[in-house]
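> Sequence first, then the predicted structure, then my questions.
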Number of protein chains: 2
Amino acid sequence: MTSQLLKEIRICFVGESFVNGTGDPECLGWAGRICQDAFLKGFDITYYNLGVRRETSTELRKRWLQEVSYRLTQECDGRVVFSFGANDTTIENGKTRISLQDSITNLRDILSIAKDLYPVLVVSPPPIEDKQQNQRMDDLSKEFAKVCNELNVPYLNIFPELIRSDTWMDEVKKYDGAHPRAAGYQAFADIVQNWEGWLNWLKLD
Amino acid sequence: MTSQLLKEIRICFVGESFVNGTGDPECLGWAGRICQDAFLKGFDITYYNLGVRRETSTELRKRWLQEVSYRLTQECDGRVVFSFGANDTTIENGKTRISLQDSITNLRDILSIAKDLYPVLVVSPPPIEDKQQNQRMDDLSKEFAKVCNELNVPYLNIFPELIRSDTWMDEVKKYDGAHPRAAGYQAFADIVQNWEGWLNWLKLD
C-alpha cells in the first residue's frame, strides 16, 4: 500500500471566497493547487477547503474552531492555513463591514487559540480591482503581519506581489472585479508554494 | 463581466472520505470533477466540499445543516448533494459502527429537512476492497434507494457499476483498500455526470 510510504498530513484551509477558489473553472483555487504540488513532492494530503464566500473575520472567528476540530482529530497530523480579511474592508452603509481594529482583534483571537492546537500559517488577502479597497487591504495586510510576528506565526503578505502580477490583475478585471480564473489562482499558488512557511511543512524527515 | 452571462449555482457536497476525495493526488475527487465539467457546460459553480473522513451518518446528521445553511444563504441558488454510508458499515468491536436501521433513520431525517430547503440529490457509497463490507454496503444502498423513492429525492446507486469497474477496483486495492486515485475518481465522476438527476440541474433555461 503506497500510502504507508508517504507522509500523511491533513490541512484545513480557512477563509473567504479566495480560499474557496471562487471563479476557478478547474475547481482548485490556490489551496487545491498547492496541495496538488505537495502530492507531487511525495506527501499524502487530506485537503479540507473551508473557504466561505462573503464571510468577515468576525463571522470566521465564531465558526472556525468547530469546523476545524471536527476534521482534525487528535490521532492525525492536522494543520491549518488561514487567509482572510478582504471582506472586512468592503464598504457597506458608508463604512467598512469590519473596522480595522476589529479585524486585528479577530486575527489575534483566532491565532491565540489555533497556535496552541495545530501548526498554523497565515496568508494575507490578495488585491482586487477597486483601488480604494486595495489601499484598505494593504493597510490590513501590514497590520496582520505585526500580529503574526508577535504571536510567532508564519505570515505571507501576498498582496504586494500579486498587485504587480498581470496574470492576477487581468483575470480579476475580466471576471467579476474580485476573483481571477485558473491562471490567476495558479499565480497565487506559485507564490505560496515557494514560501518558506509552506516549504517548512513539506520536509520528509 | 462574463460571470453575469453564466448561470450561477452554489453546491454543497456532504459526506465522508469519498466526497472529500481522499487519495486523489489531483485534489478534486468525484465532486470537484463533476463541477469542472459543469463549468465546461457554461455554469459558474461555487463548489463547497464538505466531505469528512471517518464520519458516520449519525455524526453527519448532527452537523450537516449548520455547515450547509452557513454557506447557502437565501439570496443564492444553493443545492446539496449527499453521499454517505460506507463508514456506517465498518465493523468495530464486533458490530457495525451504525446499524442498518439507524443508517436508514438518519438518511430519512436528513432528507426530510434538506428537501424543504434546497434541491437535493443522493449518491450511494462506492465499493471498497473488503468483500463482506461490500455486501453490507450493497444492502445499505438498496435500502437508501427506498427512502429516496419515498421522499421523491433523486438517487444514484453507483455501487453496482463501480464494483464492475476495473479502474475503480484496481486503484482501491493498490492504494489503501478503500480509496482510489485520480482515474478511479474520474470513473465515479463519469457516472454521476451522465446521471439524469445531475443533468437536470444543468439545464440552461
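Nice, thanks for sending it over. Numbers count the residues shown, from 1 in each chain, chains lettered A, B, ... in the order given.
> Just the CA coordinates for stretch A:10-18, please, in CSV.
In CSV, the C-alpha atoms belonging to stretch A:10-18 read as follows (Å, rounded to 0.1, in the frame of the first residue of the first chain):
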residue,chain,number,x,y,z
ARG,A,10,-4.5,16.8,6.9
ILE,A,11,-4.8,20.5,6.2
CYS,A,12,-7.8,22.8,6.7
PHE,A,13,-7.8,26.0,4.6
VAL,A,14,-10.0,28.5,6.4
GLY,A,15,-11.0,31.8,4.9
GLU,A,16,-13.3,33.5,2.4
SER,A,17,-14.0,33.3,-1.3
PHE,A,18,-10.3,33.3,-2.3
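> and residue A:125, how many neighbours?
Number of residues near residue A:125 (other C-beta atoms under 10 Å in any protein chain shown) recorded here: 27. Heads up, the C-betas are built off the backbone N, CA and C, glycines and all.
> contacting residues around it?
By C-beta atoms under 8 Å, 6 or more residues apart in numbering or on different chains, the contact set of residue A:125 is A:16, A:18, A:83, A:84, A:85, A:86, A:137, A:140, A:141, A:159.
> Kindly reformat those as a markdown table containing neighbour count and distance to chain B.
Formatted as a markdown table, those follow (neighbours: other C-beta atoms under 10 Å in any protein chain shown; distance: C-beta to the nearest C-beta, whole Å):
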| residue | neighbour count | distance to chain B |
| --- | --- | --- |
| A:16 | 23 | 12 |
| A:18 | 29 | 12 |
| A:83 | 24 | 17 |
| A:84 | 31 | 15 |
| A:85 | 31 | 19 |
| A:86 | 28 | 16 |
| A:137 | 24 | 21 |
| A:140 | 25 | 23 |
| A:141 | 23 | 25 |
| A:159 | 22 | 23 |
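> list the buried ones in the host helix or strand of residue A:109?
Element membership of residue A:109, judged by DSSP states H and E, is helix A:100-114. Within helix A:100-114, the residues that count as buried by 16 or more other C-beta atoms under 10 Å in any protein chain shown are A:102, A:103, A:104, A:105, A:106, A:107, A:108, A:110, A:111, A:114.
> list the contacts for the last one?
Contacts of residue A:114 were listed using C-beta under 8 Å, 6+ apart, and they are A:64, A:65, A:68, A:80, A:82, A:120.
> do the third one as well
Residues in contact with residue A:104, defined by C-beta under 8 Å, 6+ apart, are A:143, A:144, A:147.
> Give me every residue in chain A lying close to chain B.
A:1-3, A:10, A:20-23, A:25-28, A:32-33, A:35-36, A:39-40, A:44-49, A:52-54, A:63, A:67, A:70-71, A:73, A:174-177 (C-beta under 8 Å from any C-beta of the partner chain).
> Nearest to residue A:185, out of the contacts of residue A:125: which one, please.
residue A:18 (8.5 Å; C-beta to C-beta).
> Adding pLDDT, write the buried residues of helix A:100-114 out as a markdown table.
A markdown table is the format used below for the buried residues of helix A:100-114 (pLDDT from 0 to 100):
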| residue | pLDDT |
| --- | --- |
| A:102 | 98 |
| A:103 | 98 |
| A:104 | 98 |
| A:105 | 98 |
| A:106 | 98 |
| A:107 | 98 |
| A:108 | 98 |
| A:110 | 98 |
| A:111 | 98 |
| A:114 | 98 |
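> and of the residues you listed, the nearest to residue B:183?
Proximity of the buried residues of helix A:100-114 to residue B:183 (C-beta to C-beta) peaks at residue A:114, which lies at 36.3 Å.
> PyMOL command to pick out the buried ones of the contacts of residue A:104?
If you want just the buried ones from the contacts of residue A:104 in PyMOL, going by 16+ other C-beta under 10 Å, the selection is:
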select buried, chain A and resi 144+147
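> Now flag whichever of the contacts of residue A:104 is closest to residue A:186.
The closest of those, once distances to residue A:186 are taken by C-beta to C-beta, is residue A:144, at 23.8 Å.
> I'd say the closest one and residue A:158 touch.
No. Look at residue A:144 against residue A:158 with C-beta atoms under 8 Å: they stay out of range, at 11.1 Å.
> picking that back up, let me have the buried residues of helix A:100-114 in a markdown table, extended by distance to residue A:170.
Formatted as a markdown table, the buried residues of helix A:100-114 follow (distance: C-beta to C-beta, whole Å):
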| residue | distance to residue A:170 |
| --- | --- |
| A:102 | 33 |
| A:103 | 28 |
| A:104 | 32 |
| A:105 | 35 |
| A:106 | 32 |
| A:107 | 30 |
| A:108 | 35 |
| A:110 | 33 |
| A:111 | 33 |
| A:114 | 35 |
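> tell me the contacts of the nearest residue to residue A:136 once chain neighbours are set aside?
Closest residue in space to residue A:136, ignoring its immediate chain neighbours: residue A:89 at 4.0 Å, by C-beta to C-beta, 6 or more residues apart in numbering or on different chains. Neighbour list for residue A:89: A:96, A:97, A:98, A:133, A:136, A:137, A:140 [criterion: C-beta under 8 Å, 6+ apart].
> thinking again about what came up before, among the contacts of residue A:114, which ones are in helices?
Among these, the members falling in helices are A:64, A:65, A:68 (criterion: DSSP state H).
> Which among the residues you listed count as buried?
By 16+ other C-beta under 10 Å, the ones in helices among the contacts of residue A:114 give A:64, A:68 as buried.
> Redo the ones in helices among the contacts of residue A:114 as TSV? Include pLDDT.
TSV is the format used below for the ones in helices among the contacts of residue A:114 (pLDDT from 0 to 100):
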residue	pLDDT
A:64	98
A:65	98
A:68	98
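> which of the ones in helices among the contacts of residue A:114 lies closest to residue A:128?
residue A:64 (22.9 Å).
> check contacts around the closest one.
A:14, A:50, A:82, A:110, A:114.
> quick one: it and residue A:18, what's the gap?
Taking C-beta to C-beta, to the nearest Å as the measure, residue A:64 and residue A:18 are separated by 16 Å.
> same check, this time on residue A:166
18 Å.
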